[in-house]
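Q: pasting the structure only:
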């Protein structure tokens, strides 16, 4: 029997309690994940459907989450476009050949998602046989993906990205077009494989001024969401550090707006209007002692009482040093306080 509370909340339907899942819930904070990861590299794990199924299921079985999110990485389709991708411990993802000019961009192709990232679709099909909660598929938003390709990895300053935006806008937009086509096809393939909701992660959107977000990032998110309309699946758009971009994010066409912790949830809900919200507790607040954590969670639930639908989540991914018992406590408190 499927627990569809999460999907109901996405659609703004009445739920018996507030559903909860956590970004990065399958991952490094769980000893069970570390045991699997100990035998393979990160990329090998991402490309092994059986192992991806195992780690996707861990937080559902251990922590009683109300939704599963496919275990993968936002950069998988970028590698499939034809640029080498490496993961280094402590440094994160590295693209040793960054995309800085037209010749670099011409090297990239738009991959067939079933052919070139078929392992992701296989994972989704396997998970649907195992899961009793909905499965969320996902991709990175084009702007966030572009930053990795242009910078050659993670960045604090985004010098190369903004330099391209402001001094070579035609090149930047041409790159966004290509990434958008790739991402749209990739998410459509996930829907066909059996994903029941789709989240678009715009991890670095918050580095943009609202006017630049509106010109260089949002149109591409809108295009992807429009392409996904036919799937009938709820679409979640999460612009991290995006409290200043909230009104624009609402115009993306997404059904659910992800919120980080830098905004009061009640204020955000007034601005979001007739859409569901997801969020918005500071991931580090999971470290609070139980009475304080309970109070913090109650505050968010109270603040979200007028939401068109509310999915409880962190304002960003769970930190790798979080004790699993604290994550489990948070799930129990959300369920208990919201009426399960």
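A: All right, it came through fine. Bear in mind that the values here come from a model prediction, so they are computed numbers and not experimental data.

Q: Sticking with residue 311, tell me its helix or strand.
A: Per DSSP states H and E: residue 311 is located in strand 310-314.

Q: List the buried residues of the host helix or strand of residue 36.
A: According to DSSP H and E, residue 36 maps onto helix 31-37. In terms of neighbour count (16 or more other Cβ atoms under 10 Å), helix 31-37 has its buried residues at 32-33, 36-37. Where you see a C-beta, it was placed from the backbone N, CA and C, and this is true even at glycine.

Q: Okay, buried residues for the strand holding residue 311 please.
A: 310-314.

Q: Tabulate these in JSON lines, adding columns for distance to residue 42.
A: Output for these, formatted as JSON lines (distance: Cβ to Cβ, whole Å):
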{"residue": "310", "distance to residue 42": "33"}
{"residue": "311", "distance to residue 42": "27"}
{"residue": "312", "distance to residue 42": "28"}
{"residue": "313", "distance to residue 42": "23"}
{"residue": "314", "distance to residue 42": "21"}
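
Q: that older thread, toward the C-terminus, what is the element adjacent to the helix holding residue 36?
A: helix 42-46.

Q: State the next helix or strand along the chain beyond the helix or strand hosting residue 62.
A: Taking DSSP H and E as the definition, residue 62 sits inside helix 49-63. Counting by DSSP H and E, the next helix or strand C-terminal to helix 49-63 is strand 68-69.

Q: Give the buried residues for the next helix or strand after that next one.
A: As assigned by DSSP H and E, the chain's next helix or strand after strand 68-69 is helix 76-80. Neighbour-count burial for helix 76-80 flags 76-80 (criterion: 16+ other Cβ under 10 Å).

Q: If you count contacts, what does helix 76-80 end up packed against?
A: Using 3 or more Cβ pairs under 8 Å, 6 or more residues apart in numbering; DSSP states H and E, the elements in contact with helix 76-80 are helix 113-116, helix 142-151, helix 169-193.

Q: Which residues outside that helix are in contact with it?
A: 46, 85, 95, 111, 113, 116-117, 120, 139-140, 145, 148-149, 179, 182-183, 186 (Cβ atoms under 8 Å, 6 or more residues apart in numbering).

Q: immediately after that helix, which helix or strand?
A: Tracing the chain past helix 76-80, the next element assigned as helix or strand by DSSP H and E is strand 86-88.
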